[in-house]
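>>> structure, please.
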Amino acid sequence: MLNNKKGLSTVVTTLIIILLVLVAIGIIWVVVRGVIEQGSGQIKASTQCNQVDVRITNVPSSTCDGTSCVVTVERRAGGGVIGGIYLTISDGTNTRFWYQAGDIPQLTTSSITSSNSTANPTIVRATAYINNENNLPQLCPSSAEYNLLP
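Alright, predicted model coming up:
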């Protein structure tokens, strides 16, 4: 029995292979689970964004003086709670960004005063955003644009 060492090394080799396979399966599962959870969060956010319809109804040019700009935004029916509105105000050369946190209820109009504006803006864009599962803002893919040129 002491001279038959082949059987013992075969058993040890088989156990090591089984252990390595189990460790590999565990590592692969952790990576796959992370990808699946991240993808499901993005799908949920995209679905919620697809239903949001935000329009800019008025931007009086007299209210855009280089320090502030008043933008009237209307939210039409559709979608759930949004995190707020992200404004992009541009004069063709300079672009300023401003966000207004908070939900705009459906079928209502809200005026947003941006304290970050260019002197003579030509285009104002409003993009709704939602808060993802980590409570971080995620911009919706569609934007409403308002042209101030005559």
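>>> now find how far off-centre the host helix or strand of residue 138 is within its chain.
In the assignment (DSSP states H and E), residue 138 maps to strand 137-139. With C-alpha atoms, centre = their mean, to the nearest Å as the basis, strand 137-139 stands 3 Å off its chain's centre.
>>> check which helices and strands the lengthiest strand in the chain sits against.
Longest strand in the chain by number of residues (criterion: DSSP state E): strand 123-131. Applying 3 or more C-beta pairs under 8 Å, 6 or more residues apart in numbering; DSSP states H and E, one finds that strand 123-131 makes contact with helix 6-50, strand 54-58, strand 69-75, strand 84-90, strand 137-139, strand 144-147. Any C-beta I mention is one placed from the backbone N, CA and C, and that applies to glycine too.
>>> quick one: which of the ones you listed is nearest residue 112?
Ranking the helices and strands packed on strand 123-131 by proximity to residue 112 (C-beta to C-beta) places strand 69-75 first, at 5.0 Å.
>>> direction included, what does the closest one pair against?
Here strand 69-75 has these sheet partners by DSSP bridges: strand 54-58 (antiparallel), strand 108-114 (antiparallel).
>>> as CSV, those strands with mean pLDDT would be great.
Listed next are those as CSV, based on pLDDT from 0 to 100:
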stretch, mean pLDDT
strand 54-58, 84
strand 108-114, 76
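>>> okay, those strands in TSV with distance to residue 88 next?
Listed next are those as TSV, based on distance: least, C-beta to C-beta, whole Å:
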stretch	distance to residue 88
strand 54-58	11
strand 108-114	10
